[in-house]
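**Student:** Everything below, folded, please.
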Amino acid sequence: MPRLSNFEGTSMRKARSVIIWAVVSLCMIVLITLPVNLQTQLITSITVVTVMALIKILKGEGTWRLVALAFGTSIVLRYVYWRTTNTLPPLNQPENFIPGLLLYLAEMYSVAMLALSLFIVATPLPSRPSRAANPGRLPHVDVFVPSYNEDAGLLGNTLAAAKAMDYPAEKLHVWLLDDGGTLQKRNSGKLLEAQAAAARHIELKQLCDDLDVHYLTRDRNEHAKAGNLNNGMKHSTGELIAVFDADHAPARDFLLETVGYFEDDPKLFLVQTPHFFINPDPLERNLRTFDKMPSENEMFYGIIQRGLDKWNAAFFCGSAAVLSRKALESQNGFSGISITEDCETALALHGSGWNSIYVDKPLIAGLQPATFASFIGQRSRWAQGMMQILRFRFPLLKRGLTIPQRFCYMSSTLFWLFPFPRTIFLFAPLFYLFFDLEIFTASGGEFLAYTLAYMLVNLMMQNYLYGSFRWPWISELYEYVQTVHLLPAVVSVMLNPRKPTFKVTAKDESIAVSRLSEISRPFFVIFAVQIVALIITIYKIYAEPYKADVTLVVGGWNVINLIMAGCALGVVSERGERALSRRVRVNRRCEFGVNGKWYAASIEDVSVHGARLHIFNKQLDEMLVGALGEIRFRPYSGAELETLPLIVRNIEPSGDISNVGCQYVPKSALDHRLIADLMFANSDQWTEFQASRRRNPGLIRGTIWFLGLSLYQTSRGLIYFFRSMRPEREAQQKAAKVNAG
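**Tutor:** Here you go, the predicted model:
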């Protein structure tokens, strides 16, 4: 028989695939729409949940993982069909139909986002192996550190870490792009602003001279961060451009782990690495979960970016990345229409046929907002920027993108619409409890067979998809605490998409005294309303026993919202911290010198401001507190021993060891480089720390843990609230006395 040509063989394979998909889809539609009684649906739901649980318990991976997700998808689709055909209120009851339709649309949004998640991360790419660059073909790299209002000490550490990267010195060009000392600011009509900008300009120029890096500013602050980066491109010539935020200090091996990929693909425009943070975000700090639970961003950088990478859709995240100058110049530099220039730039380049790669290894250490208000400010900018991209670039119809890339970018932008469904889910049960509106027409039995099964399967599928990267209910908590303030921000950008402006996120903040966040009031109002709703639920069960099944269902929904709201009270109750900055555990040998004597020691933990040492001498005099000293250690570069000046802050004897707390006293550029070496040079410590937090408690244990967390945080939030009322009462009493006098 004659052999088929490659073209004919490929065509036949595609035809077979289409036929198989058509048959499978037809069978799925038949199963989903098959009319069954309530008992059969309940048995089917229990069976599917049991099968999924067994596969999870037996740690089924690969094909078994896909089988479990397929079972879950069948329940979700069955729920969608039932929800669409049986539960919407009649059109002739607008008071029920309108809120009922809004609830239905919110649920369909959730289903659509689940579908996009399944497409992206059902089988994400495994982490890429290390790709060392060819030593003989290393390109010139310009390192851009854009800055606006950051402290010189913070910038000094980042610039020193960038300068110390393991790369040929003649091919490494570090630039501080200062937008806080522009000519426009130095000539401002506001005297204080002009003087501050001029002083900053002089201080940072001197810092850059000391560190042997380039200082660059511009005449005017135009197009925010994108304009600043484009100005850097005009004054530099490197083949590659590495971008680090002002608070993102790179490890020594950052470039060696990233630039090699550009040798393999001439159409590669981006190598993105994770953003790793050494300090907790406000939720982690106030809930005290930083050391034992994966951070929120790990779900994105640990799973979602690898899923995007599979479809050549990993996008630029504004920092910790290397980009091709040639690719950027093909699109006239960094895009600046939206306030999220990073994703917008990646979208433009992907649409022009360029490729991206994601390297799943933390190679930088950064800072994230410490206060809840700053956290919300940062997320508002992200949400508004993504809405601008959705409005101006609409990825689904973007020319040049592949179909998978269109889905990936739509997922990334549509995600930020979550404040709308979250708000509806929050208030929907109140429509029934307060106003007796029936916006969801179903019996208690139907709820058990369809809705409860859907909710369980949804949670199980999330656990399958994200596992040890995201614990149960944590995503819901993050979305809830953001919804209250992000909803008006998203509505604002929808009404006026050109209104939002770029706002720099505050860096290196600290909270000296425990207090309620200045934007916490709405959370206490919502909590109080839900308490009232709980009381009404109990009353309705006794007063209207004929509707007890529906009341129990709706009341249970409100209780879930109440648990979430209670936990949020702890989130907005800011814990005070004595330490100025986060400490990181290390274990490095050193020598400690004070008053002309040297002692064998080890560095136990470090921060950007100081270190804690173990001195192997139990006779260390506590009178040394306040004395100037030094530590001598060998940098990761392998150079000779270097000495860093410091001051002794405290001494605590402990057996044969004295614990000595020290504060750095940097006097030169070399001192900044040594601080950066202690804190940031070793990327392995970030990987080890992440791995120590990545464990999956499972759905049941995770839910029990979250319930306990919520109860404790509810009580803590209420204590903070009543404490905050004391000064107001005292002020009122004083005012009353003054008026009486």
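**Student:** can you give me the helices for the stretch 401-550 of the chain?
**Tutor:** Counting by DSSP state H, counting those that start in this stretch, the segments of the stretch 401-550 of the chain that form helices are 403-414, 419-435, 444-446, 453-466, 474-495, 521-543, 548-571.
**Student:** Out of the ones you listed, which gets nearest to Glu150?
**Tutor:** Taking C-beta to C-beta, helix 474-495 is the member of the helices of the stretch 401-550 of the chain nearest to Glu150, at 24.1 Å. Where you see a C-beta, it was placed from the backbone N, CA and C, and this is true even at glycine.
**Student:** what's in contact with the closest one?
**Tutor:** 283, 293, 296, 299, 372, 376, 379-380, 383-384, 387-388, 391, 416-420, 422-423, 426, 462, 499-500, 519, 522-523, 526, 564-565, 567-568, 571-572, 706 (C-beta atoms under 8 Å, 6 or more residues apart in numbering).
**Student:** Tell me where the stretch 401-550 of the chain is predicted with low confidence.
**Tutor:** For the stretch 401-550 of the chain, the stretches flagged by pLDDT under 70 are 500, 502-510.
**Student:** what do you get if the cut-off is 90, keeping everything else the same?
**Tutor:** 436-450, 463-465, 467-468, 470, 495-514, 543-550 (pLDDT under 90).
**Student:** mind giving me the domain split of this structure?
**Tutor:** The record's domain parsing of the chain by automatic domain parsing lists 35-122+418-574, 136-368, 584-683.
**Student:** Nearest to Leu718 among those domains would be which one?
**Tutor:** domain 35-122+418-574 (6.6 Å).
**Student:** ok now the closest one, how far from the chain's centre?
**Tutor:** 21 Å (C-alpha atoms, centre = their mean, to the nearest Å).
**Student:** Val111 and Arg78 touch, don't they?
**Tutor:** No - contact between Val111 and Arg78 fails when scored by C-beta atoms under 8 Å: they sit 11.6 Å apart.
**Student:** coming back round to it: winner for burial among the domains of the chain?
**Tutor:** domain 136-368 (a mean of 20; mean count of other C-beta atoms under 10 Å).
**Student:** For that one, measure first residue to last.
**Tutor:** 38 Å (C-alpha to C-alpha, to the nearest Å).
**Student:** pretty sure Thr643 is in a helix, no?
**Tutor:** No - counting by DSSP: H, G, I helix; E, B strand; the rest coil, Thr643 is not part of a helix but strand.
**Student:** which secondary structure elements does the host helix or strand of Asp605 contact?
**Tutor:** Using DSSP states H and E, Asp605 sits in strand 597-606. The criterion is 3 or more C-beta pairs under 8 Å, 6 or more residues apart in numbering; DSSP states H and E, and the helices and strands that strand 597-606 contacts are strand 584-594, strand 610-615, strand 628-633, helix 669-680.
**Student:** And the contacts of the second one?
**Tutor:** Yep, that's strand 610-615 we're talking about. With C-beta under 8 Å, 6+ apart as the criterion, strand 610-615 contacts 583, 590, 592, 599-606, 631, 646, 649, 657-664, 678.
**Student:** quick one on the thing from earlier: just want the angle from the strand holding Asp605 to strand 610-615.
**Tutor:** 130 degrees (axes from the mean of the first three to the mean of the last three C-alpha atoms, to 10 degrees).
**Student:** List the contacts of strand 597-606.
**Tutor:** With C-beta under 8 Å, 6+ apart, strand 597-606 has contacts from 583-593, 611-617, 620, 631-633, 659-660, 678-679.
**Student:** Show the average pLDDT along that strand.
**Tutor:** Mean per-residue pLDDT for strand 597-606: 90.
**Student:** how far is that strand from where the chain is centred?
**Tutor:** With C-alpha atoms, centre = their mean, you get 35 Å for strand 597-606.
**Student:** For Tyr636, which three-state class applies?
**Tutor:** Looking at Tyr636 with three-state DSSP, the answer is coil.
**Student:** can you pull the contacts of it?
**Tutor:** Tyr636 neighbours (C-beta under 8 Å, 6+ apart): Arg252, Asp677, Ala681, Asn682.
**Student:** Reformat those as CSV; add distance to Asp179 and pLDDT.
**Tutor:** Converted to CSV, those look like this (distance: C-beta to C-beta, whole Å; pLDDT from 0 to 100):
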residue, distance to Asp179, pLDDT
Arg252, 28, 93
Asp677, 28, 90
Ala681, 28, 88
Asn682, 31, 89
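**Student:** For Gly717, state which of those residues is nearest.
**Tutor:** For those, the nearest to Gly717 is Asn682 (38.2 Å; C-beta to C-beta).
**Student:** And what about that closest one, helix, strand or coil?
**Tutor:** Going by three-state DSSP: Asn682 is coil.
**Student:** how close does it sit to Cys662?
**Tutor:** Using C-beta to C-beta, to the nearest Å, Asn682 is found at 20 Å from Cys662.
**Student:** residues contacting the spatially most central residue of the chain?
**Tutor:** When C-alpha atoms, centre = their mean is applied to the chain, the residue found nearest the centroid is Asn297 (3.0 Å). By C-beta under 8 Å, 6+ apart, the contact list for Asn297 reads Pro274, His275, Phe277, Gln368.
**Student:** Tell me if I am right that it is in a strand.
**Tutor:** No - Asn297 sits outside any strand when classified using three-state DSSP, being helix.
**Student:** Next one: it, what pLDDT does it get?
**Tutor:** Predicted confidence (pLDDT) for Asn297: 91.
**Student:** now Phe680
**Tutor:** The model's pLDDT for Phe680 equals 91.
**Student:** which residue packs closest to it, ignoring adjacent ones?
**Tutor:** Ala249 (4.1 Å; C-beta to C-beta, 6 or more residues apart in numbering).
**Student:** do the same with Ala133
**Tutor:** Gly260 (3.6 Å).
**Student:** wouldn't that neighbour be in contact with Pro135 here?
**Tutor:** No - judged on C-beta under 8 Å, Gly260 makes no contact with Pro135 at a distance of 10.1 Å.
**Student:** check contacts around the residue nearest to Phe680.
**Tutor:** Counted by C-beta under 8 Å, 6+ apart, Ala249 has contacts Asn157, Thr158, Ala161, Ala162, Ile364, Ala365, Gly366, Ala676, Met679, Phe680.
**Student:** cool, Arg634 as well?
**Tutor:** Contacts of Arg634 by C-beta under 8 Å, 6+ apart are Glu640, Leu641, Glu642.
**Student:** Please determine how far it is located from Asp605.
**Tutor:** 18 Å.
**Student:** about what we covered before: how far off strand 628-633 does the strand holding Asp605 point, in degrees?
**Tutor:** 70 degrees.
**Student:** Return the alpha-carbon coordinates of strand 597-606 using CSV.
**Tutor:** Only the C-alpha atoms of strand 597-606 are listed here, as CSV (Å, rounded to 0.1, in the frame of the first residue of the first chain):
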residue,chain,number,x,y,z
LYS,A,597,39.4,41.5,70.5
TRP,A,598,38.0,39.0,68.0
TYR,A,599,35.7,36.1,68.8
ALA,A,600,34.6,33.0,66.8
ALA,A,601,30.9,33.5,65.9
SER,A,602,28.1,32.6,63.6
ILE,A,603,25.5,34.8,61.9
GLU,A,604,22.1,33.4,62.8
ASP,A,605,19.7,35.8,61.2
VAL,A,606,19.9,39.0,59.2
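**Student:** Please consider this matter closed, and thank you.
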